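J.: I would like the atomic coordinates for the input below:
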Amino acid sequence: KDENAVYVGRKPTMNYVMATMMILNRDEKCTVKARGRAISHAVDVCEILKNRFLKGTTYEDIRISTEKLESDDGTMNNVSSIEIVMAPPE
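T.: Below is the predicted model:
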């Protein structure tokens, strides 16, 4: 299941767009995942893909959640996360 996931981080946005497009071109669903400040990049990836490259791609599901992560000094921090499931064009 995780093989069709793209984890968005600090690399240029187009790297993630290309990775997602390669999965969708195999007629498989792709899950774009991000946490924290990378959430806006994940949304950008999906919108660029949907509006510029693979017209007809649809959002199948969007899941948002909060994860508790322990920092180096031992304090607990809440970190938001998002998973966007995209379906290939018909």
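J.: bridged to the spatially most central residue of the chain, which residues?
T.: The C-alpha lying nearest the average C-alpha coordinate of the chain belongs to Val32 (Cα atoms, centre = their mean; 2.0 Å). Val32 has these beta-bridge partners by DSSP bridges: Val6, Ile84.
J.: show the pLDDT at it.
T.: pLDDT recorded at Val32 is 96.
J.: show me the contacts for it.
T.: Val32 sits next to 5-6, 8, 16, 20, 42, 45-46, 83-84, 86 when contact means Cβ atoms under 8 Å, 6 or more residues apart in numbering. (Each C-beta comes from the backbone N, C-alpha and C, glycine too.)
J.: any chance of CSV for those residues, columns distance to Ser71?
T.: Output for these, formatted as CSV (distance: Cβ to Cβ, whole Å):
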residue, distance to Ser71
Ala5, 25
Val6, 26
Val8, 21
Tyr16, 26
Thr20, 30
Ala42, 23
Val45, 27
Cys46, 29
Glu83, 23
Ile84, 27
Met86, 32
